[in-house]
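Undergrad: Coordinates for the following, if possible.
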Amino acid sequence: MKRIAPSILSADFNRLQDEIRAVEAAGADWIHADVMDGHFVPNITFGPMVVEAVRRTTRLPIDVHLMITEPDRYIADFAKAGATYISVHVEACVHLNRTLQLIRDHGARPGVALNPATPLESLIWVLEYIDYVLVMSVNPGFGGQAFIPNSLERIRTLHRLMVDRGLNTLIEVDGGVSDKTIADIAAAGADVLVAGSAIFKSSNYGAAIRSLRDKMNV
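TA: Below you'll find the predicted structure:
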């Protein structure tokens, strides 16, 4: 089953609770939360307190994407705040295996995030220890960017790798997901599609999510 995860990075933070309830009612499967620290990426967003507020608002899985340096220092806080899934970047971890185990030890499901130029080989030896791979199809740091076309081949390669190894590891894709790109992304092997502007900038969240779901299931 393919899932749609609205990214609250594109939501109206003046009425975040209403926004989350609206996308949940509209048929969202997960809620995606982009955490940025101004060091690993050139932007700053929010911390565990916002994730805790999201958890109080919804029963949907919360997918926390840590675009931060030294993620080990904050994993316990995000897990306690209610994160269901937590992904970290290869480049941000000194000991990736240890970080992934730390996520699991705190009760969340671990994932690895790959920037557009990060070699897929960097996660070969941790595939058995993760629940999902987050493929960034834009350079991280800002919402509303255009999809990078060669991300499709990266998704296909990862999908073949999962099949060859007999793994159920999910492939999540974040960046430039829209009505125009979602069919190709889903066909390449993506399981979870993160959409920000395509949903929150629309006038009807239900119609936007139905449109995305229809196209990704073609």
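
Undergrad: mind listing the helices for this structure?
TA: Secondary structure of the chain, counting by DSSP state H: helices at 16-25, 48-57, 75-81, 96-105, 151-165, 182-188, 197-200, 205-216.

Undergrad: Out of those helices, which one sits most buried?
TA: Comparing these on average neighbours per residue, with mean count of other C-beta atoms under 10 Å, the densest one is helix 197-200 at a mean of 23. Any C-beta I mention is one placed from the backbone N, CA and C, and that applies to glycine too.

Undergrad: Spit out the contact partners of G206.
TA: Contacts for G206 (C-beta atoms under 8 Å, 6 or more residues apart in numbering) come out as A25, A26, G27.

Undergrad: try it again with 7 Å
TA: Counting by C-beta atoms under 7 Å, 6 or more residues apart in numbering, G206 touches A26, G27.

Undergrad: Check what pLDDT it gets.
TA: Looking at G206, its pLDDT reads 97.

Undergrad: cool, E172 as well?
TA: Looking at E172, its pLDDT reads 98.

Undergrad: What of G144?
TA: On pLDDT, G144 comes in at 64.

Undergrad: The one 10 residues further on too?
TA: The score at R154 is 96. That number is its pLDDT.

Undergrad: Now it: closest residue in space that isn't a chain neighbour?
TA: V135 (5.9 Å; C-beta to C-beta, 6 or more residues apart in numbering).

Undergrad: and that neighbour, how many neighbours?
TA: Residues lying near V135 (other C-beta atoms under 10 Å) number 28.

Undergrad: who's in contact with the residue located most distally from the centre of the chain?
TA: Taking C-alpha atoms, centre = their mean, the residue of the chain most remote from its mean C-alpha position is D164, at 23.7 Å. Taking C-beta under 7 Å, 6+ apart, we find D164 in contact with no residue.

Undergrad: could you measure it against T157, distance?
TA: Distance from D164 to T157, counting by C-beta to C-beta, to the nearest Å: 11 Å.

Undergrad: Wait, A195 touches I4, no?
TA: Yes - using C-beta atoms under 7 Å, A195 is in contact with I4, at 6.3 Å.

Undergrad: out of these two, which sits in the more crowded spot?
TA: With neighbours defined as other C-beta under 10 Å, A195 and I4 compare such that A195 has more, 28 against 25.

Undergrad: so what's the more buried one scoring on pLDDT?
TA: On pLDDT, A195 comes in at 95.

Undergrad: what's the nearest residue to it if we skip its chain neighbours?
TA: Nearest non-adjacent residue to A195, counting by C-beta to C-beta, 6+ apart: V177, 4.5 Å away.

Undergrad: Return the residues in contact with the one you found.
TA: V177 neighbours (C-beta under 7 Å, 6+ apart): I185, L193, V194, A195, A198.

Undergrad: what bits of this structure have low per-residue confidence?
TA: Regions of the chain meeting the criterion pLDDT under 70 cover residues 141-144, 218.

Undergrad: cutoff 80 now
TA: 140-145, 217-218 (pLDDT under 80).

Undergrad: distance of the residue nearest to D34 when sequence neighbours are not counted from E128?
TA: Closest residue in space to D34, ignoring its immediate chain neighbours: L9 at 4.5 Å, by C-beta to C-beta, 6+ apart. Applying C-beta to C-beta, the value for L9 to E128 is 30 Å.
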